[in-house]
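Asks: structure, please.
(one chain, ligands or ions: 1)
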Amino acid sequence: MTEYETLDAVLSRRFSCRAFTADPVPRDQIRKIIAAARKVPSWCNAQPWQVIITRGQATDRFRDAVYDAALSTAPNPDMRWPDSYPGVYGDRRRACGFQLYDAVGIEKGDRAASARQMMENYRLFGAPHVAIVTSPSALGPYGAMDTGGFVTAFCLAAQALGIATIPQAAIAAQAPFVRSHFGIPDDRQILCAISFGYADPDHAANGFRTTRADVDDIVEWCD
Ligand SMILES: Cc1cc2nc3c(=O)[nH]c(=O)nc-3n(C[C@H](O)[C@H](O)[C@H](O)COP(=O)(O)O)c2cc1C
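Replies: As a prediction, the model looks like this:
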């Protein structure tokens, strides 16, 4: 395999996992994920990313508490949510939502069932670990952009080790709760979480894959 093929294979196999087994990931494997992910570029090499990683009872304590918080508290993220998803972005958003609902057998328009599925975010989809991803507020959108690269590399490094992941903005929507639960200082923005562990291959929620736009829909060549 060429280096490109190896990288492309990892990129192709990665998917957002929405059902995990309870098996914990050994700490040396988690360290390997971070050791690889930290190699992404960042503006001025500031490396703005920091992660809090839970395991064992700490994951369960957070899972129970963030679920309760989400039941009773409206979303209040540190970083502004998109104002809208115009045009094709809305189409893609709806398409991946319907793929998930189809996979788990939720009928179109069944709001109670889709709300229940959404709340699975706050059960961390059964994952044994969650990483809370932050960046310094002072670095603003570029700090968030650099940290986004770190999140992607985290997911790919995990995939290369056979470990499944899902980045979750849903957890960042409960930023005030997450901040107080983990004692995150006010000068750091909570950007997202990454729940991770081993995929449950038989679970319906893991039974679909999202699509991508063609290369020619992405690039405007300028000769
Ligand atoms: C920053 C970010 C936040 C996301 N937040 C959520 C989330 O809160 N809940 C969820 O189910 N999926 C979430 N996802 C997963 C996306 O829905 C998923 O990446 C997208 O549909 C493409 O599918 P794939 O990851 O399986 O290739 C998030 C992904 C990213 C990159």
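
Asks: who does the lengthiest helix in the chain touch, helix- and strand-wise?
Replies: Longest helix in the chain, counting residues (DSSP state H): helix 140-160. Counting contacts by 3 or more CB pairs under 8 Å, 6 or more residues apart in numbering; DSSP states H and E, helix 140-160 is packed against helix 3-13, helix 27-37, strand 129-136, strand 164-168, strand 188-197. No exception for glycine: its C-beta is placed from N, CA and C like everyone else's.

Asks: which residues touch the helix or strand where residue 96 lies?
Replies: In the assignment (DSSP states H and E), residue 96 maps to helix 88-104. Contacts with helix 88-104, where a contact means CB atoms under 8 Å, 6 or more residues apart in numbering, come from 18, 84-85, 106-108, 113-114, 117, 204-208, 210-211.

Asks: just the buried residues from those residues, in PyMOL please.
Replies: The command below creates a PyMOL selection of those among those that count as buried (16 or more other CB atoms under 10 Å):
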select buried, resi 18+106+114+117+205+206+208
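
Asks: so which of the contacts of helix 88-104 also contact the ligand?
Replies: By CB under 6 Å from any ligand atom, the members of the contacts of helix 88-104 lying near the ligand are residue 210.

Asks: who touches residue 149 in this structure?
Replies: Residue 149 makes contacts with 40-42, as judged by CB under 8 Å, 6+ apart.

Asks: what subset of these is buried?
Replies: Buried members of those, scored by 16+ other CB under 10 Å, are 40, 42.

Asks: now distance to residue 216, pLDDT and secondary structure too, for the contacts of residue 149, in JSON lines please.
Replies: Below are the contacts of residue 149 laid out as JSON lines (distance: CB to CB, whole Å; pLDDT from 0 to 100; DSSP: H, G, I helix; E, B strand; the rest coil):
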{"residue": "40", "distance to residue 216": "27", "pLDDT": "98", "secondary structure": "coil"}
{"residue": "41", "distance to residue 216": "26", "pLDDT": "98", "secondary structure": "coil"}
{"residue": "42", "distance to residue 216": "30", "pLDDT": "98", "secondary structure": "coil"}
